[in-house]
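A.B. asks: Predicted structure and sequence below. I'll ask about it afterward.
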Amino acid sequence: MAIRQGFYQGPGQRPQATAHLAQTMSLLGLNSQELIQKIEAALAENPALELIEGRYCPKCKRKLRNEAHCPVCSFQQAKEAVNEEPIVFLNSAEEGFGSRATSGSELREEIPTADKEPLAAYVLRQISSELASDEQEIAAHILTSINEDGILDGSLEEIARFYHRPLSDVEVVSELIQNADPLGVGSESSEKALLVQLKSLGDKVPHYDLSKQAILEGMEVLSKHQYGELGQMLNISRDQAKAIAEFIIENLNPFPGRSYWGTKRSLGTDTPSTLQKPDIIVRRQKNDKRLVVEVMWPLFGLLRVNPLFQDALKSAPEEKAEEWKIDLEQASLLIKCLAQRNHTIVRLMQIISVVQRNFILEGDAHMKPITRAKLAEELGVHESTVSRAVAGKSVQLPSGKIVMLSQFFDRSLHIRTELKSLIEEESKALSDTKLVKLLEEKGHKIARRTVAKYRNMEGILPAHMRKAQLAKT
DNA sequence: CTATGGCACGGATT
DNA sequence: AATCCGTGCCATAG
């Protein structure tokens, strides 16, 4: 499969731009939350940057509402489609980077076409029938106090005090809300939201109690992927800790609002929680086989070089001229680097989308193991670039699942799912040694010891214990 | 004696 | 250079 891009932004192609490269690299390693901080800092200290609220067509500058296409020039907003075989760009020209130095190279904010009703109303509608009339106002209060992540700002105690009601009354309502559709909405924290979701999965969870404990006690460790430490905290082996951590990250969503509410994001919302929102979204086109890759633009508005500042430079007082010029350069550099970051990520994701198309649409079993090195080769960039781009980022798949980008590089996921299905269909409890043989017939050569590991990762009990379970059913 | 889990080593990956 | 992953060896449980 020859995947080649129309243009190329690799190292060495722009020798004059070492500063660009350095900054692009560092930006590439950031996910959207970190990016927000970075941009906020830059906005604060650099007067040449400005953030315009609202949305603008990057091409014709027309102010937009919620259209995916700009109605004036039909520019497709921040999206590029990926066809099955050759890659198709819906907007073939991403406005050459660097071609226009200080003006116009704006980035665009990303908004899904969220014509859905507001989250609060949606949830309220689900539960209103179960609410006593005096509970309605409490529910409304909770729902209007949730932030865009679906997490409650403030505490239930406050609300109880506000209405002079016992805390337990509020808790009843809160519980109803949490169990409504975006599971876990209105929880007081990401941890609690996770617990609600965990509970709803019930016995589908491989290690329920351990997972619960991990969420309660090991949030910080969990989000940093420090499996070893997590293992120590819970008194279990590293592998098991890892399995649990991965299960939580892959199947639970710390931001219940996100899966429902699209991606609105504004300045100044700092998320205390450490688990992530997606940095990239892959969706499928309506009536179309194409997958659309979108990179999140985490700010609400349009970041650009302030044209007023630019004009001011011309008539700048002597002593300030130099300083302002530097500000201006840095501002446009930052914007260009951001654009390049986005572009790199989009290209990366496009290739992944092609290679892992089946995985994205069908599920774990169709994962195709691929290494970062191979991908780097395809992209024509250095390995470390891919590493940085992948690090700490997550993708929202068409199914709504949010997975870490690194999962696309899992070397054994497809074998593990194969293993799972083998065991699900078994009539007699198969020992690990037998499983090795069966897997080999299917083309997966792995050692007996490894089967045991995979089993453990998936939370499947050893053969002799499964025997008892099989007997029941 | 067989099936598994723990530990640790070495090669691959990042 | 640091980390991850598959595997082999050994101890232990059944």
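C.D. replies: Thanks, I have the structure now. Numbering: from 1, shown residues only, chains lettered A, B, ... in the order given.
A.B. asks: With A:Glu441 as the reference, measure out to A:His366.
C.D. replies: In this view, A:His366 and A:Glu441 are 19 Å apart by C-beta to C-beta, to the nearest Å. The way it works is simple: take the backbone N, C-alpha and C, and place the C-beta from them, glycine included.
A.B. asks: Look at those two and report which has more neighbours.
C.D. replies: For A:His366 versus A:Glu441, neighbours defined as other C-beta atoms under 10 Å are more numerous around A:His366 (15 against 7).
A.B. asks: I figured the more buried one hits A:His414, correct?
C.D. replies: Yes: checked against C-beta atoms under 8 Å, the pair A:His366 and A:His414 is within contact range at 7.0 Å.
A.B. asks: Surely A:Pro298 is within a strand?
C.D. replies: No: counting by DSSP: H, G, I helix; E, B strand; the rest coil, A:Pro298 is not part of a strand but coil.
A.B. asks: In chain A, which residue sits closest to DNA strand B?
C.D. replies: Distances between chain A and DNA strand B by C-beta to the nearest atom of the strand are smallest at A:Ala463, namely 2.6 Å.
A.B. asks: can you pull the contacts of that residue?
C.D. replies: A:Ala463 sits next to A:429-432 when contact means C-beta atoms under 8 Å, 6 or more residues apart in numbering.
A.B. asks: Quick check: pLDDT value at it.
C.D. replies: A:Ala463 is assigned a pLDDT of 91 by the prediction.
A.B. asks: Next one: A:Val305 from DNA strand C, what distance?
C.D. replies: When distance is defined by C-beta to the nearest atom of the strand, to the nearest Å, A:Val305 is 38 Å away from DNA strand C.
A.B. asks: same question, A:Met465
C.D. replies: Taken as C-beta to the nearest atom of the strand, the span from A:Met465 to DNA strand C is 9 Å.
A.B. asks: Around that residue, how many other residues sit close by?
C.D. replies: For A:Met465, using other C-beta under 10 Å, the count is 10.
A.B. asks: Pull out the buried residues from the helix or strand hosting it.
C.D. replies: A:Met465 belongs to helix A:463-472 when assigned by DSSP states H and E. For helix A:463-472, burial by neighbour count (16 or more other C-beta atoms under 10 Å) applies to A:463, A:466.
A.B. asks: cool, and stretch A:125-139?
C.D. replies: So stretch A:125-139, judged by 16+ other C-beta under 10 Å, has buried residues A:127, A:131, A:135, A:138-139.
A.B. asks: so how far is it off the chain centroid?
C.D. replies: Stretch A:125-139 sits 33 Å away from the centroid of its parent chain (C-alpha atoms, centre = their mean, to the nearest Å).
A.B. asks: and if you look at stretch A:236-246?
C.D. replies: For stretch A:236-246, the distance to the chain centre is 22 Å (C-alpha atoms, centre = their mean).
A.B. asks: quick one: average pLDDT of it?
C.D. replies: On average, stretch A:236-246 scores 78.
A.B. asks: do stretch A:399-407 as well
C.D. replies: Rounded mean pLDDT across stretch A:399-407 is 78.
A.B. asks: Over to that stretch now: how far is its first residue from its last?
C.D. replies: In stretch A:399-407, first residue to last residue: 16 Å (C-alpha to C-alpha, to the nearest Å).
A.B. asks: burial count for the residue of the stretch 251-400 of chain A found nearest DNA strand C?
C.D. replies: Going by C-beta to the nearest atom of the strand, DNA strand C is nearest to A:Pro369 of the stretch 251-400 of chain A, at 8.5 Å. Using other C-beta under 10 Å, A:Pro369 is surrounded by 14 other residues.
A.B. asks: For chain A, which residues are neighbours of DNA strand C?
C.D. replies: For chain A, the residues in contact with DNA strand C (C-beta under 7 Å from any atom of the strand) are A:225, A:227, A:242, A:410-412, A:445-450, A:453, A:464.
A.B. asks: Now tabulate those residues in a markdown table and tack on secondary structure.
C.D. replies: Output for the residues of chain A next to DNA strand C, formatted as a markdown table (three-state DSSP):
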| residue | secondary structure |
| --- | --- |
| A:His225 | coil |
| A:Tyr227 | helix |
| A:Lys242 | helix |
| A:Asp410 | coil |
| A:Arg411 | coil |
| A:Ser412 | coil |
| A:Lys445 | coil |
| A:Ile446 | coil |
| A:Ala447 | coil |
| A:Arg448 | helix |
| A:Arg449 | helix |
| A:Thr450 | helix |
| A:Lys453 | helix |
| A:His464 | helix |
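A.B. asks: and A:Pro256, how many residues sit next to it?
C.D. replies: Residues near A:Pro256, counting by other C-beta under 10 Å: 29.
A.B. asks: Now do A:Ala2, the pLDDT please.
C.D. replies: Predicted confidence (pLDDT) for A:Ala2: 38.
A.B. asks: mind listing what A:Gln469 touches?
C.D. replies: Contacts for A:Gln469 (C-beta under 8 Å, 6+ apart) come out as A:Leu461.
A.B. asks: I'd like the distance between it and DNA strand C.
C.D. replies: According to C-beta to the nearest atom of the strand, A:Gln469 and DNA strand C sit 15 Å apart.
A.B. asks: Pull up the residues of the stretch 101-250 of chain A that are close to DNA strand B.
C.D. replies: So the stretch 101-250 of chain A meets DNA strand B at A:237, A:239-240 (C-beta under 7 Å from any atom of the strand).
A.B. asks: switch the cut-off to 6 Å
C.D. replies: Residues of the stretch 101-250 of chain A lying close to DNA strand B (C-beta under 6 Å from any atom of the strand) are A:Ser237.
A.B. asks: how deep is the nearest residue to A:Gly459 once chain neighbours are set aside tucked in, by neighbour count?
C.D. replies: Spatial nearest neighbour of A:Gly459, chain neighbours left out: A:Pro206 (2.0 Å); criterion: C-beta to C-beta, 6 or more residues apart in numbering. Look at A:Pro206: counted by other C-beta under 10 Å, it has 18 neighbours.
A.B. asks: A:Pro206: what secondary structure?
C.D. replies: Using three-state DSSP, the structure places A:Pro206 in coil.
A.B. asks: mind listing what it touches?
C.D. replies: So A:Pro206 contacts A:243-244, A:247, A:458-460 (C-beta under 8 Å, 6+ apart).
A.B. asks: Which positions within stretch A:447-467 qualify as buried?
C.D. replies: Residues of stretch A:447-467 classed as buried by neighbour count (16+ other C-beta under 10 Å): A:450-457, A:459-460, A:463, A:466.
A.B. asks: and which of those residues is nearest DNA strand C?
C.D. replies: In terms of C-beta to the nearest atom of the strand, no member of the buried residues of stretch A:447-467 lies closer to DNA strand C than A:Thr450, at 3.4 Å.
A.B. asks: Would you map the strands across the stretch 51-200 of chain A?
C.D. replies: For the stretch 51-200 of chain A, the strands identified by DSSP state E, counting those that start in this stretch occupy A:55-56, A:63-64, A:80-82, in order along the chain.
A.B. asks: where does the stretch 351-473 of chain A dip in pLDDT?
C.D. replies: For the stretch 351-473 of chain A, the stretches flagged by pLDDT under 70 are A:400, A:473.
A.B. asks: Could you pull up the contacting residues of A:Leu252?
C.D. replies: The contact partners of A:Leu252, by C-beta under 8 Å, 6+ apart, come to A:194, A:197-198.
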